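1. Show me how the following folds:
(2 chains, ligands or ions: 2)
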Amino acid sequence: MSEETAILDVQGVSLQFGGVRALSDVTFSVAKGELFAIIGPNGAGKTSMMNCISGRYTPTEGRVIFKGREVTGLKPNQRADLGIGRTFQNLALFGHMSVLDNIMVGRHHLLKNGFLRGALYWGLAQREELAHRRDVEDIIDFLEITHIRKAMAGTLPYGLRKRVELARAIALNPDLILLDEPMAGMNLEEKEDMARFIIDLNEEWGISVIMIEHDMGVVMDISHRVAVLDFGQKIAEGLPDEIMNNPRVKTAYLGEDDGGLVFTDDDEEVA
Amino acid sequence: MATMSLRPCGDFRTTYKQDTVIFDTRNSRWAMVLFLMALYVMVLIPVLAPGVEEAPVLSSLFAPFYNAQYLSLAIQACYWGIAALGLNILVGFTGQISLGHAAFFGIGAFGSAYLNNTYGIPVVLSIPLAGLIAAAVGLLFGSPAARIKGLYLAIATLAAQFIIEDLFIRLDWFTGGSYGSLANSIELFGVTFDTDQKFFLFALSLTIILFVLAANLMRSRDGRAFVAVRDHYLSAEVMGINLTKYRILSFGISSFYAGIGGALYGHYLGFVSAEGFTILLSIQFLGIIIIGGLGSVMGAMLGTIFMVLLPEVMAGGVDIIASTEWGNTPMITNGLAYFKEMAIGAAIILFLIFEPDGLAHRWRLIKAYWKLYPFSY
Ligand SMILES: Nc1ncnc2c1ncn2[C@@H]1O[C@H](COP(=O)(O)OP(=O)(O)OP(=O)(O)O)[C@@H](O)[C@H]1O
Ligand SMILES: [Mg+2]
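-> Numbering: from 1, shown residues only, chains lettered A, B, ... in the order given. Ligands and ions are numbered 1, 2, ... in the order given. Alright, predicted model coming up:
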């Protein structure tokens, strides 16, 4: 991958939690406009990788470079300002806010009126709020959640919450969006919808995507390239077909060489 | 779908602007405006036309509006309400805790008196300046919030309460030490707000302004950021919200409101002394927002009114019991002071158990009921 077309470069990232080595020397690169998937068995370090990119964790070693700029030491909010959005493996909405307000929070770094103008409201702050409200409504339309825009986020069923989380991340106007198991725990229909949204936001909105997903069918269908983590190490990277037929990947998943890649999805912990 | 909106059928919004108003129905907005205007007029008329008290029918109509006791309760509701709103921004909206709110209330009271007495700054200016002083001190004592939360933050604010309380006695030049300091009346456009009626009009205006500012804040960027920090700080951070900034800013704004409330209190009493700003008052402010509803602007006022009226109702109850033969014992007649505090404690506990969303929630239900009356669907 040449430097100019890469939106994200992960260079030799290692992450240590006491005795646990969650990531060892992981290197990969995501091109602008790419839909990149990270797969791997439970506890492989996928979420940890995402946390290193979004800034929740600082890698013990290695560098993260976003849009040609080193972001390794930056805080999550600073990376959000630069254009990294994300969703969480476990739902992380603002439960007591309406769906609309949740998504408006995504606009935070794009809004310029602080507490003084906010308190005076009429005039500058209001004009800005309404302008962004329009953009937020576009996102709401796109994700087909018009009917719940006034509902309290905490009262929504699981599948819709995942969708609202995606909406909130899109509202950030990110160049890169990180999706941690966007389809975990969904039924087939919900998964299809979600897959469609992810393809659209990648193709039509031009947002680069890194997606962690256990459902291999979806991964093989929609992603452009796939990286495989196992015990914190990258064991393979390539086109979906190549990954499907990679013997090391099969071993990592099934502990043996034969058999297709059939995975059940499991919804579990670790933020 | 479960929506929280309790608007009646047929009340559709056609612009986003209509959808971001403070009061969510036209009726509730106008009811509030009318109520406040009526309040102004009813208090103002006896001020402007002193003869009204003697007129036959009018005197009974206006009686409550120049009744000294009612007015002093209403003024108390104003200065407590402003301070309680500040605490609600910190606790209810941002999800932090403070056991030192009374100290910032005190800083406002002393600060305004000091600025006015020492530099001759007019009271109408010294009140907001005192708010800024309280905010600055609040930012300072709130800075631990950048690193600590929950119980540890509670202890840090408790320390702030005691340190500041101690300083009130020690900093003679600022507070008048154990003697306290005098606070002048408010003057504006040549009018001196020296009677309770006039003072109430001033206090009410200030209260309305500060409540509207807070309601505006909560429907704009930084208000949402506070709630986001409260609800899920990790994802707030990923949404571009600087946690440290908002955690500390919330202390600043909260203390600003406390300071204004305190300044108003000082200029009302005419005298400020350190005994008024103890931990008990801090806890009472917490009680107010729990009873009124955490995270509700209106709730801060409802809780304050409840807290202001509670001792009065208690006193009435005690009077009735004491008037009976069996109740006329020293235990009852002398016990009022204790009954009051017990009642406050009991009220907080009962609200926590039975109405954790506070009076604000009841208020919404009542509004919804009347909107749909007589058909409940
Ligand atoms: N904050 C933490 N402290 C200590 N250990 C951690 C922490 N976060 C993750 N780990 C450990 O790092 C390893 C990788 O965890 P991670 O959550 O990244 O896995 P994952 O690939 O996302 O798994 P899953 O598919 O179950 O979500 C695990 O062994 C986990 O226990
Ligand atoms: Mg994970």
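
2. Let me know the pLDDT of residue 3.
-> Here I'm looking at chain A. At A:Glu3, the pLDDT value in this model is 50.

3. wait, I meant chain B there
-> pLDDT, B:Thr3: 40.

4. can you give me the strands in chain B?
-> B:181-182, B:186-188, B:191-193, B:271-272 (DSSP state E).

5. among the ones you listed, which is the most enclosed?
-> Looking across the strands of chain B with neighbours counted as mean count of other Cβ atoms under 10 Å in any protein chain shown, the highest average goes to strand B:271-272: a mean of 22. For glycine as for every other residue, the C-beta is placed from the backbone atoms N, C-alpha and C.

6. and it, what's its mean pLDDT?
-> Here the average pLDDT along strand B:271-272 is 90.

7. Equivalent analysis for stretch A:237-250, please.
-> The model assigns stretch A:237-250 a mean pLDDT of 88.

8. Look at it and report the distance between its end residues.
-> Using Cα to Cα, to the nearest Å, one end of stretch A:237-250 lies 13 Å from the other.

9. Mind listing what's buried along that stretch?
-> A:237, A:240, A:243-244, A:246, A:249-250 (16 or more other Cβ atoms under 10 Å in any protein chain shown).

10. residue at max distance from the center of chain B?
-> The centre of chain B is farthest from one residue, B:Glu325, which by Cα atoms, centre = their mean lies 39.8 Å away.

11. one step back: distance to B:Ile253 for the strands of chain B - can I get that in CSV?
-> Shown next, in CSV, are the strands of chain B (distance: least, Cβ to Cβ, whole Å):
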stretch, distance to B:Ile253
strand B:181-182, 26
strand B:186-188, 23
strand B:191-193, 26
strand B:271-272, 23
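
12. Ok, which of those strands comes nearest ligand 2?
-> Proximity to ligand 2 (Cβ to the ion) singles out strand B:271-272 among these, at 57.2 Å.

13. and the closest one, how far out from the chain's middle?
-> Computed by Cα atoms, centre = their mean, to the nearest Å, the chain-centroid distance of strand B:271-272 equals 19 Å.

14. In the sheet, which strands lie alongside that strand, parallel or antiparallel?
-> Counting by DSSP bridges, the strands paired with strand B:271-272 are strand B:181-182 (antiparallel).

15. Quick check: the residue farthest from the centre of chain B vs B:Asn334, distance?
-> 17 Å (Cβ to Cβ, to the nearest Å).

16. residues in contact with residue 220?
-> If you meant another chain, say so; for now it's chain A. Listed by Cβ atoms under 8 Å, 6 or more residues apart in numbering or on different chains, the contact set of A:Met220 reads A:226, A:240-241, A:243-244.

17. actually chain B
-> Per Cβ under 8 Å, 6+ apart, neighbours of B:Ser220: A:113, A:115, A:117-119, A:121, A:125, A:129.

18. Export these as JSON lines, with columns for neighbour count and distance to chain B.
-> Listed next are the contacts of B:Ser220 as JSON lines, based on neighbours: other Cβ atoms under 10 Å in any protein chain shown; distance: Cβ to the nearest Cβ, whole Å:
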{"residue": "A:Asn113", "neighbour count": "20", "distance to chain B": "6"}
{"residue": "A:Phe115", "neighbour count": "22", "distance to chain B": "4"}
{"residue": "A:Arg117", "neighbour count": "20", "distance to chain B": "8"}
{"residue": "A:Gly118", "neighbour count": "25", "distance to chain B": "3"}
{"residue": "A:Ala119", "neighbour count": "21", "distance to chain B": "4"}
{"residue": "A:Tyr121", "neighbour count": "20", "distance to chain B": "4"}
{"residue": "A:Ala125", "neighbour count": "25", "distance to chain B": "5"}
{"residue": "A:Glu129", "neighbour count": "23", "distance to chain B": "6"}
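
19. Tabulate the residues you listed in CSV, adding columns for distance to B:Ile288 and pLDDT.
-> Below are those laid out as CSV (distance: Cβ to Cβ, whole Å; pLDDT from 0 to 100):
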residue, distance to B:Ile288, pLDDT
A:Asn113, 30, 84
A:Phe115, 23, 88
A:Arg117, 29, 84
A:Gly118, 24, 85
A:Ala119, 22, 87
A:Tyr121, 25, 83
A:Ala125, 29, 84
A:Glu129, 30, 86
